[in-house]
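Novice: Need coordinates for the following:
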Amino acid sequence: MSDDLERDLGLYSVVAISMGAMIGSGIFVLPALGFKKAGPAVIVAYVLAGVVVLPAALSKAEMATAMPESGGTYLYIDRAMGPLAGTVAGIGAWFSLVFKSSFALVGLGAYLLLFVSLPAGAVKLVALGLAALIVVLNIVGTEQSGKLQAIIVTVVVAALAVYVVGGGVNLEPARFQPFTTQGSAGIVTAAAFVFVSYAGVTKIASVAEEVEDPGRNIPLGILGSMGIMMVLYAAVVAVVVGLNAPEVLTKSGPGGGVSLTPMADGAGVVLGSVGVVGISVVAVLALTSMANAGVLASSRFPLAMSRDSLLPKRFTRIDPRFKTPRAAITLTGTLLLGLIAFVPVVELAKLASAFQILVFAIVNVALIAFRMSDAEMYQPTFTAPGYPYVQVVGIFGGLALLTQMGTFPILGAVGIIVGGVAWYWVYGRARTDRVGALSLVVQRRRDGVSETGQIEPE
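Specialist: A predicted model of the protein is given here:
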C-alpha cells in the first residue's frame, strides 16, 4: 500500500472544513448556557473566547506551513517539545475531537425532535446511523468529504445570514438591559464554556498533507474562517438574546433547565412553526457537518503518531483505492460509535473543552520553542505577527479560562495527561529516540555556560 495522501483540498474546502468544525453546538446549543452565566454580555464572552483562540490559530498557521503533514497539534508539539509531550497532546486532542463529534451528533436530537416525531431511543439510532455514514464517507475519500463539507457549510452560513437579518429587525432593546448580570467574572466563565465553539478553527492543520498549496491555503483558511466566525457568532448570539425572553433561554429546556434549542426559540418568535422547522433542519445539517469535520481531522492523529512509532504501524496504512488512512478512520469511527451508544457525551464534551484550552496554550509554547531553536527543518512560509507577545497572551489567557471550567473537567484533563504519559512509557519510549526543538534550546544554553556558571563569549 502507498503511504502517500492526495493533495486535493483547495482553499474553499479548507475554509469549509474549518468553519464546519466551528458551526455546530457552539452556535445552536451553547448560547443559552452562556446567557445563564453572563446575561446579554454573553455576546462579549464569544468575542473574548475568539481573542484567546486567535494566538493559537496564528501559531498553528505558521507551523502548518513549515510542516504541511498530517497530525496537526500532535505533530507540532511532538517536534517542538519531544515525543512524551507529543504523545499526551496526540491522544488528548484525538479524544477531545471525537468527544466533540459525538456531542454534536447526539445534540442534534433536540433539534430533530422539533420537526420529526421520534421516540427518544430512535434519536440515538439516527445519531449512530449518521456517524456510520460519516465514517464511510471519510474512508471513500477526503475530496468527497471536503466537497460535502463545502456544500453544507455554504447552506448553513446562508441560513444564518437570513436569521441575523430577519431577526435583527425584530429585536427588543430592553432585553439587553442590564447588559452584564454577573459582572466581569460571569463573562470570563461564559467565555470558558463557549471556548469549544472555536476549537475547530485549526483542525484543518490536521489534514495539511491533503491541502493544495499549503503555504497559501492553510493560513488563509485558518485566519479567514476565524474572522468570519467571530463576526457570525457575535451577530447570531445578539439576535438570540434580542428575540427571546430571559426565562425562555434559561427555563424552557429539559426539566425546566437551560434551552437546548435557543436558535429555534428565536425563529419561532419571528416566523412561528415554519421558522422553528427551518432553523431545526439547518441545525441538523450544521451538527452533522461539525461531526464530519471532527472525524476527518481526528483520524489523522493516529496516522501521524503511528508514523512516529508511538502507535502500532497498522495505522500508517493508506487505502490503495481511496488514498485515505482507512485503519485510522476505522479506529476513530469505532470510538465515535461507542461514545454515542454508551456514554453521557455532554459530560465528556466538558472534558474535551478543558483539554482543548490546555492544548491551545501549549501550541503557543511550541511556536516559541521552534523560534528559539532556529532549527534547520523549521522553514515556515507564513510568519505569525506579534511574536512572542501574542503567544504569551494566548498562554496565560488559556490558563485563565481553564480555571473557570470547574473541578471535574480539570481533573478529566489531568486524567488524559496521565494516560498519555503512561502509554508513552509502556509503548512509545522504547521505539523512539527523537528530541524536540526545546531540547536544542536547552542544550545550546548548557553549551554556552562555563563551569563557573558564566556565559561563554562566542
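Novice: From here on, just use CA atoms for contacts and neighbour counts.
Specialist: Fine.
Novice: Now residue 353. Nearest residue, chain neighbours left out?
Specialist: In space, and not counting its chain neighbours, residue 353 is closest to residue 196: 5.3 Å by CA to CA, 6 or more residues apart in numbering.
Novice: try residue 86
Specialist: Counting by CA to CA, 6+ apart, the nearest residue to residue 86 once its immediate chain neighbours are dropped is residue 78, at 3.7 Å.
Novice: quick one: low-confidence ranges for this structure?
Specialist: Counting by pLDDT under 70, the chain has low-confidence residues at 1-8, 120-121, 141-149, 202-203, 206-207, 254, 345-350, 352, 448-458.
Novice: Could you pull out the helices in the stretch 1-150 of the chain for me?
Specialist: Listed from the start of the chain, the stretch 1-150 of the chain has helices (DSSP state H, counting those that start in this stretch) covering 11-20, 25-28, 30-38, 42-66, 73-81, 83-112, 120-140, 142-168.
Novice: counting contacts, what elements does the fifth one pack onto?
Specialist: In this structure, helix 73-81 makes packing contacts with helix 83-112, helix 300-307, helix 345-373, helix 437-447, judged by 3 or more CA pairs under 8 Å, 6 or more residues apart in numbering; DSSP states H and E.
Novice: Now tell me what touches that helix from outside.
Specialist: Counting contacts by CA atoms under 8 Å, 6 or more residues apart in numbering, the residues outside helix 73-81 that touch it are 60, 63, 67, 84-87, 89-90, 93, 205-206, 301, 304-305, 359, 362-363, 366-367, 369-370, 435-439.
Novice: for the protein, which helix is longest?
Specialist: With DSSP state H setting the assignment, residue counts place helix 262-298 as the longest helix in the chain.
Novice: May I see the buried residues of that helix?
Specialist: 262-268, 270, 275-298 (16 or more other CA atoms under 10 Å).
Novice: got it, and stretch 248-267?
Specialist: Along stretch 248-267, the positions that meet the burial threshold by neighbour count (16+ other CA under 10 Å) are 248-250, 252-253, 258-267.
Novice: Stretch 106-115 now?
Specialist: Buried residues in stretch 106-115, counting neighbours by 16+ other CA under 10 Å, are found at 106-112, 114.
Novice: neighbouring contacts of that stretch?
Specialist: 25, 29, 123-124, 127, 260-261, 264, 276-277, 280-281, 283-284, 287-288, 340, 345.
Novice: Tell me how far residue 102 lies from residue 262.
Specialist: 20 Å (CA to CA, to the nearest Å).
Novice: Could you do residue 27 as well?
Specialist: Taking CA to CA as the measure, residue 27 and residue 262 are separated by 9 Å.
Novice: Ok, residue 13 next?
Specialist: The spacing between residue 13 and residue 262, counted by CA to CA, is 29 Å.
Novice: follow-up on the earlier one: the residue nearest to residue 353 contacts residue 355, correct?
Specialist: No. Between residue 196 and residue 355 no contact is recorded; they are 9.9 Å apart, counting by CA atoms under 8 Å.
Novice: Next up, the contacts around residue 198.
Specialist: With CA under 8 Å, 6+ apart as the criterion, the residues that contact residue 198 are 22, 26, 49-50, 53, 226.
Novice: if you set the cut-off to 10 Å instead, what comes out?
Specialist: For residue 198, the contact set (CA atoms under 10 Å, 6 or more residues apart in numbering) comprises 18-19, 21-24, 26, 46, 49-50, 52-54, 57, 225-226, 229-230, 233, 356.
Novice: Am I right that it is in a helix?
Specialist: Yes. Secondary structure of residue 198 (DSSP: H, G, I helix; E, B strand; the rest coil): part of a helix.
Novice: What separation is there between it and residue 447?
Specialist: For residue 198, the distance to residue 447 under the criterion CA to CA works out to 42 Å.
Novice: Residue 127 too?
Specialist: Counting by CA to CA, the gap from residue 127 to residue 447 is 57 Å.
Novice: okay, the two: which has more neighbours?
Specialist: Neighbours of residue 127 and residue 447, each counted by other CA atoms under 10 Å, are more numerous for residue 127; the result is 23 against 11.
Novice: Excluding chain neighbours, what is closest to the more buried one?
Specialist: Nearest residue to residue 127 in three dimensions, chain neighbours excluded: residue 105, at 5.3 Å (CA to CA, 6+ apart).
Novice: what's the neighbour count on the one you found?
Specialist: For residue 105, the number of neighbouring residues by other CA under 10 Å comes to 30.
Novice: From residue 215, how far off is the nearest residue to residue 182 once chain neighbours are set aside?
Specialist: Distance criterion CA to CA, 6+ apart; nearest residue to residue 182, sequence neighbours excluded, is residue 38 at 5.4 Å. If you measure residue 38 against residue 215 using CA to CA, the figure is 40 Å.
Novice: Looking at those two, which has the bigger crowd around it?
Specialist: In terms of neighbours (other CA under 10 Å), residue 38 is the more surrounded of residue 38 and residue 215; the figures are 26 against 20.
Novice: Wait, residue 170 touches residue 269, no?
Specialist: Yes. Taking contact to mean CA atoms under 10 Å, the distance of 8.8 Å between residue 170 and residue 269 places them in contact.
Novice: Which residues are in contact with each of the two?
Specialist: Common contact partners of residue 170 and residue 269 (CA under 10 Å, 6+ apart): residue 243.
Novice: From the contacts of residue 198, keep the buried residues only.
Specialist: When the contacts of residue 198 are checked for burial by 16+ other CA under 10 Å, the buried set is 18-19, 21-24, 26, 46, 49-50, 52-54, 57, 225-226, 229-230, 233, 356.
Novice: Which residue, other than its chain neighbours, is closest to residue 30?
Specialist: Closest residue to residue 30 apart from its sequence neighbours, by CA to CA, 6+ apart: residue 194 at 6.6 Å.
Novice: Following element in sequence after the helix or strand harbouring the one you found, please.
Specialist: Using DSSP states H and E, the secondary-structure element containing residue 194 is helix 183-194. Beyond helix 183-194 on the C-terminal side, the first helix or strand identified by DSSP H and E is helix 214-243.
Novice: counting contacts, what elements does that following helix pack onto?
Specialist: Secondary-structure packing of helix 214-243 (3 or more CA pairs under 10 Å, 6 or more residues apart in numbering; DSSP states H and E): helix 11-20, helix 25-28, helix 30-38, helix 42-66, helix 142-168, helix 262-298.
Novice: Could you dump those into CSV and include distance to residue 399?
Specialist: What follows is the helices and strands packed on helix 214-243, written out as CSV (distance: least, CA to CA, whole Å):
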stretch, distance to residue 399
helix 11-20, 24
helix 25-28, 20
helix 30-38, 19
helix 42-66, 10
helix 142-168, 31
helix 262-298, 24
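Novice: so which of those gets nearest residue 178?
Specialist: Ranking the helices and strands packed on helix 214-243 by their distance to residue 178 (criterion: CA to CA) puts helix 30-38 first, at 10.5 Å.
Novice: Okay then, goodbye and thanks.
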